[in-house]
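A.B. asks: give the three-dimensional model of this entry:
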Amino acid sequence: MVAATAPVLLALAGCGGGGVTASPSNSTFSIAPGTAAFDTNCTGCNATATNGSAAEQFTATLASGHAASVTWSVSGGDSNSGPGTISSTGLYKPPSYLTANSAQVVVTATLTGTGSNSVTSVLTITPGFLQPLTPENLALGAAGAATVTGYIAEAGGTLSITYALASSSTGSTGGQGTLGVTSCHHSTTAFTWCTAIYTAPATVTSTSSTWVVASVGSSSVTASQILLNTGGVNSNPVTHESQQTTAILLGSSGGNNKDYDVSGNQIVDCCSGTLGALVQDTASHQYVLSNNHVLARSDHASVGDAIIQPGLIDNGCTPYGEGSGTSLVGALTTWLPLSSSTTNADAAIAQVNSGAVSSTGSILELGALQSGGALAAAPPGISSSGGKGEAASLALKVAKSGRTTGLTCGAVSAINLDVQVSYFTDCAETKSYLTKTFTNQVAISGNQFSDAGDSGSLIVDTNNAEPVGLFFAGGTDASGVGQGVANPATDVLSELGTQAGLTLSYVGAADHAVSCLNYGNSTVAAAQSRIIAAAESARTQQALQQARMLVNPSAGILGVAAGKSSDRPGEGSVIVYVDESSRTVPALIGGVRTVVIATTARALAYGTAPESILDAGSTQTLSTTALAQAVAQKQQIARSLLRLSSAYFAVGVGQSLDNPAEAALVVYVDRRNEPATLPATLNGLRIRYVVMDRFHVTRSYATGVHSPRHCAAHAALAAGNSADLIDLAAHRALRFF
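C.D. replies: Numbers count the residues shown, from 1 in each chain. Okay, the predicted model is just below:
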């Protein structure tokens, strides 16, 4: 094995010796970079692969300055996982794991037609995090405690995780409570995992968040957010991943028993999601409701397929019937084909086996607070809607109970959303199936609202637990805020009923409130913390000169100032202070966005006027007329807007964050394909941008790593690294097989 302090001299591919140093240029051509260092997640890499993962792009240049035609190859690397891969275009991806604290890889470029005219680069690879911390989020009351676990993509070696309390997800200091001693487990037959026990303060005076932040080497930190609450709620999502031995409660891990990929005779990937809710037909036959991509494998399942709890990802990719750890829930009945142009939801149902599922439709943690701080399971509310669900409205507080993040709450951030979502035929998402455009969907935002594995969760109104939607896709935006998409609850029942020839309704009980676990929404705070570029600041100051001409206290325009936009983070704005009555303010002044804040002349005179909507504490709602007009405009332009640029992948109607009295088009932009400029308005309507990776169907998957033979025989790992990887079994060693 290669030591962590290995010198630049390397052992070449195979078992032989022969040292080599980086030699990135000669008199004919050169390659770049000459040397680089990053982890198994490619933290610090300079490019993006076609599937959105990080990669290192190598270039070859002739001495004349022109591009060189070369053949790329890699050698050296880890004794078991190999050197990684490099494409014919020079795109390098590191191995998924290591068996030592570091490994050195040689990248060789050979000039086409020469056979021997070569130059080399040396890469130092270190293990990164295998997955997010477990749990990613939890709620604790005073003196509550929980174990935080992290995995490193290393089997063997001596690396450990460093844990710290912090007041932010990327910080290293602050935070409340205490951390116990870190305990790490090293083995050559399992990934390294380290635990630490977090204990909340003995007294919690206000509800707030603190973070347990983990770091290893030069990898990006990962963190577990802890909601310290005065209500004494203790909620840990790990309970949603466990096997249930009695009638199954929903909001738990589950999926299709065949939802795995094979290579030869080995299962190399498996995936699962959430068993969301219970529905029934007029003959009282009951069915588990979840997504097509969870129960029906994105159109690739068969009627009658076994549906299990927990899903394969929580049982070491071991199917029901081939080992213990899962329970049979029911049989796949019907689904809405994603390939059909007439379907508009990602949904499927499976008829339950007698006694396998709680016949009340109870969902984990949807009920009242119990002694000890746990939240009881409870059915959704159905008394207001007769079991058909209710329509979503802007800013409605909603909750979901899902496999990965448990019970979380957020708010409806956009309605009437048109969104493009891609699907794959394999768990590791290397084989594209189709991209489907859904219309009239519901967007939800909030810190820690969802993550991979929450697909299929039922979205409910926190006021009455009435079904609002079926969660099916999500992601995290550039500000670190969770963004999710749900099919309207009423549409799901209607379409599934038509497909199956049944009349369906949600199984539930009388309406009741949900104990909302809200981790906040840092959208505005993140935007206001952005540093404005000098050129943008100068543009804002120029517009401010023009804005001063609008000041007229008798007309309710009290003053102006330079500020920052929250509708488009990174852009400056002109703050226009108005009196408490409603005033019409242009969306742009001198081409710069306006932020409208109500205040008083006295506050402005004494310098105490708010500097952003966040400081103003605005709770303003949109008028019905303003919302209807915005929806009508969106309907006219959404299709052409999505076609205008491949960077746009969703558009809906929401509330402007710069002027909450106005509606805005909410446009989602691919962060990996972001245009240099984005319009601030369209047909006079403000545009609010959400920059993020494209929405992802949040099925969780675990990836097996199979490497070519090396000098010493070494079995393939049972789990590997991916952006959506969830631990196969919490606190259990990840086995080789």
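A.B. asks: for the stretch 351-500 of the chain, which segments are assigned as helices?
C.D. replies: Ranges of helices within the stretch 351-500 of the chain are 489-500, based on DSSP state H, counting those that start in this stretch.
A.B. asks: an error on my part: the question was meant for the chain.
C.D. replies: 292-295, 489-500, 523-529, 534-547, 601-605, 613-616, 624-644 (DSSP state H).
A.B. asks: for the fourth one, packing partners?
C.D. replies: So the one you mean is helix 534-547. If contacts are counted by 3 or more C-beta pairs under 8 Å, 6 or more residues apart in numbering; DSSP states H and E, helix 534-547 sits against strand 557-564, strand 572-578, strand 588-589, strand 592-598. Glycine gets a C-beta too; all of them are placed from N, C-alpha and C.
A.B. asks: what of the last one?
C.D. replies: Other elements packing on helix 624-644 under the criterion 3+ C-beta pairs under 8 Å, 6+ apart are strand 406-424, strand 648-655, strand 663-670, strand 681-682.
A.B. asks: turn those strands into CSV, columns for mean neighbour count, mean pLDDT and distance to residue 368.
C.D. replies: Formatted as CSV, the helices and strands packed on helix 624-644 follow (neighbours: other C-beta atoms under 10 Å; pLDDT from 0 to 100; distance: least, C-beta to C-beta, whole Å):
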stretch, mean neighbour count, mean pLDDT, distance to residue 368
strand 406-424, 23, 96, 12
strand 648-655, 26, 96, 32
strand 663-670, 25, 96, 35
strand 681-682, 15, 93, 46
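A.B. asks: just send these back as JSON lines, with distance to residue 480 too.
C.D. replies: Output for the helices and strands packed on helix 624-644, formatted as JSON lines (distance: least, C-beta to C-beta, whole Å):
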{"stretch": "strand 406-424", "distance to residue 480": "14"}
{"stretch": "strand 648-655", "distance to residue 480": "19"}
{"stretch": "strand 663-670", "distance to residue 480": "16"}
{"stretch": "strand 681-682", "distance to residue 480": "27"}
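A.B. asks: which one, of those, ends up nearest to residue 64?
C.D. replies: strand 663-670 (36.1 Å; C-beta to C-beta).
A.B. asks: what angle sits between the closest one and helix 624-644?
C.D. replies: 30 degrees (axes from the mean of the first three to the mean of the last three C-alpha atoms, to 10 degrees).
A.B. asks: just checking: what are the partner strands of strand 663-670?
C.D. replies: strand 648-655 (antiparallel), strand 685-692 (parallel) (DSSP bridges).
A.B. asks: how about the CA coordinates for the last one, as PDB?
C.D. replies: Put plainly, it is strand 685-692. Output of strand 685-692 as PDB, limited to C-alpha atoms (Å, rounded to 0.1, in the frame of the first residue of the first chain):
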ATOM      1  CA  LEU A 685     -43.100  40.600 -14.700                       C
ATOM      2  CA  ARG A 686     -40.200  40.200 -12.300                       C
ATOM      3  CA  ILE A 687     -38.100  37.100 -12.600                       C
ATOM      4  CA  ARG A 688     -36.700  35.200  -9.600                       C
ATOM      5  CA  TYR A 689     -33.900  32.800 -10.400                       C
ATOM      6  CA  VAL A 690     -33.100  29.500  -8.600                       C
ATOM      7  CA  VAL A 691     -29.600  28.300  -9.700                       C
ATOM      8  CA  MET A 692     -29.000  24.700  -9.000                       C
END
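A.B. asks: roughly how far out does it sit from the chain middle?
C.D. replies: Distance of strand 685-692 from its chain centroid, counting by C-alpha atoms, centre = their mean, to the nearest Å, is 19 Å.
A.B. asks: cool, stretch 137-151 as well?
C.D. replies: Distance, centroid of stretch 137-151 to centroid of chain: 21 Å (C-alpha atoms, centre = their mean).
A.B. asks: what's the answer for stretch 112-132, then?
C.D. replies: The answer for stretch 112-132 is 29 Å, by C-alpha atoms, centre = their mean.
A.B. asks: same thing with stretch 187-207?
C.D. replies: The chain centre lies 22 Å from the centre of stretch 187-207; the measure is C-alpha atoms, centre = their mean.
A.B. asks: hey, C-alpha coordinates of it in CSV?
C.D. replies: This file holds the C-alpha atoms of stretch 187-207, laid out as CSV (Å, rounded to 0.1, in the frame of the first residue of the first chain):
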residue,chain,number,x,y,z
SER,A,187,-10.8,-2.6,8.5
THR,A,188,-9.4,-4.0,5.3
THR,A,189,-12.9,-5.6,4.6
ALA,A,190,-15.1,-2.5,5.4
PHE,A,191,-15.1,1.2,4.7
THR,A,192,-13.8,3.3,7.5
TRP,A,193,-16.5,4.8,9.7
CYS,A,194,-16.3,7.2,12.6
THR,A,195,-19.0,8.1,15.2
ALA,A,196,-19.4,10.8,17.7
ILE,A,197,-22.2,11.3,20.2
TYR,A,198,-23.8,14.8,20.2
THR,A,199,-25.6,16.0,23.3
ALA,A,200,-27.9,19.0,23.2
PRO,A,201,-27.6,21.7,25.9
ALA,A,202,-29.3,21.1,29.2
THR,A,203,-31.5,24.1,28.6
VAL,A,204,-32.8,25.2,25.2
THR,A,205,-34.3,28.7,25.4
SER,A,206,-35.1,29.2,21.7
THR,A,207,-35.5,27.1,18.7
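A.B. asks: which parts of that stretch are buried?
C.D. replies: For stretch 187-207, burial by neighbour count (16 or more other C-beta atoms under 10 Å) applies to 190, 191, 192, 193, 194, 195, 196, 198, 200, 204, 207.
A.B. asks: what sits closest to the last one if chain neighbours are left out?
C.D. replies: By the measure of C-beta to C-beta, 6 or more residues apart in numbering, the closest residue to residue 207 outside its immediate chain neighbours is residue 229, 4.6 Å from it.
A.B. asks: tally of neighbours for that neighbour?
C.D. replies: For residue 229, the count of nearby residues is 24 (other C-beta atoms under 10 Å).
A.B. asks: and what of residue 501?
C.D. replies: 8.
A.B. asks: next, give phi and psi for it.
C.D. replies: phi 70, psi 30 (degrees, to the nearest 10).
A.B. asks: look up how far residue 139 lies from it.
C.D. replies: 43 Å (C-beta to C-beta, to the nearest Å).
A.B. asks: make JSON lines from the helices and strands packed on helix 534-547 and add distance to residue 125 to it.
C.D. replies: Formatted as JSON lines, the helices and strands packed on helix 534-547 follow (distance: least, C-beta to C-beta, whole Å):
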{"stretch": "strand 557-564", "distance to residue 125": "39"}
{"stretch": "strand 572-578", "distance to residue 125": "41"}
{"stretch": "strand 588-589", "distance to residue 125": "49"}
{"stretch": "strand 592-598", "distance to residue 125": "44"}
